[in-house]
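Asks: Compute the structure for the input listed below.
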Amino acid sequence: MEIYNRKARHDYFIEEIYEAGIELTGTEIKSVRDGAVNIKNSYGIIKNHEVFLLNMFISHYKEGNSFNHNEVRTRKLLLHKKEIKKIEDKIELYGYTLIPLKLYFKNNRLKVELGICRGKKNYDKREAIKERDIKRNVEKDLKKRY
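Replies: Sure, this is the predicted structure:
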């Protein structure tokens, strides 16, 4: 099961991609396994040489009763110190943003694919849409030929 942030690829140029673990509670991981998660408006920050993910929505686990979690709490990401230092330097020097691109399970552990991103302007977005439409039309024409 993979959860994608489609809006990120539309709104940002992705410069680099990192894989990070994420620190979750028991009811959170059960909700993620059910697919009740949204990463569309989330982003990452670095505080005291630690990476955190903000605004990631994980809904309450239906059988969690009083042990349920806060739905939009700040969650800690697990990265190596060297990776954190590289990311921190890029964010400070070039003004990049940390955006989660994908959530997926790897060996029964939840991983987050983080992108170091630069924002697109409106004309960049229109250009990308135009290229996608041209590519779709070419593929459609090729399909008709054969």
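Asks: Give the buried residues for stretch 33-41.
Replies: 36-39 (16 or more other CB atoms under 10 Å). No exception for glycine: its C-beta is placed from N, CA and C like everyone else's.
Asks: Tabulate those in CSV, adding columns for secondary structure, distance to Val51 and pLDDT.
Replies: Below are those laid out as CSV (DSSP: H, G, I helix; E, B strand; the rest coil; distance: CB to CB, whole Å; pLDDT from 0 to 100):
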residue, secondary structure, distance to Val51, pLDDT
Ala36, coil, 24, 89
Val37, strand, 18, 92
Asn38, strand, 20, 92
Ile39, coil, 15, 91
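Asks: Spatially central, which residue of the chain would that be?
Replies: Residue closest to the average C-alpha location in the chain (CA atoms, centre = their mean): Pro100, at 1.7 Å.
Asks: my read: it touches Ile39, true?
Replies: Yes - shown here, Pro100 and Ile39 form a contact pair, counting by CB atoms under 8 Å, at 4.8 Å.
Asks: Which residues are in contact with each of those two?
Replies: 5, 56 (CB atoms under 8 Å, 6 or more residues apart in numbering).
Asks: Output the contacting helices and strands for the lengthiest helix in the chain.
Replies: The helix that spans the most residues within the chain, counting by DSSP state H, is helix 122-145. Using 3 or more CB pairs under 8 Å, 6 or more residues apart in numbering; DSSP states H and E, the elements in contact with helix 122-145 are helix 6-11.
Asks: tell me how far the helix it packs on is from the chain's mean position?
Replies: 10 Å (CA atoms, centre = their mean, to the nearest Å).
Asks: From the contact counts, what lies against that helix?
Replies: Counting contacts by 3+ CB pairs under 8 Å, 6+ apart, helix 6-11 packs against strand 97-106, strand 109-119, helix 122-145.
Asks: same thing but at 7 Å, please
Replies: Here helix 6-11 touches strand 109-119, going by 3 or more CB pairs under 7 Å, 6 or more residues apart in numbering; DSSP states H and E.
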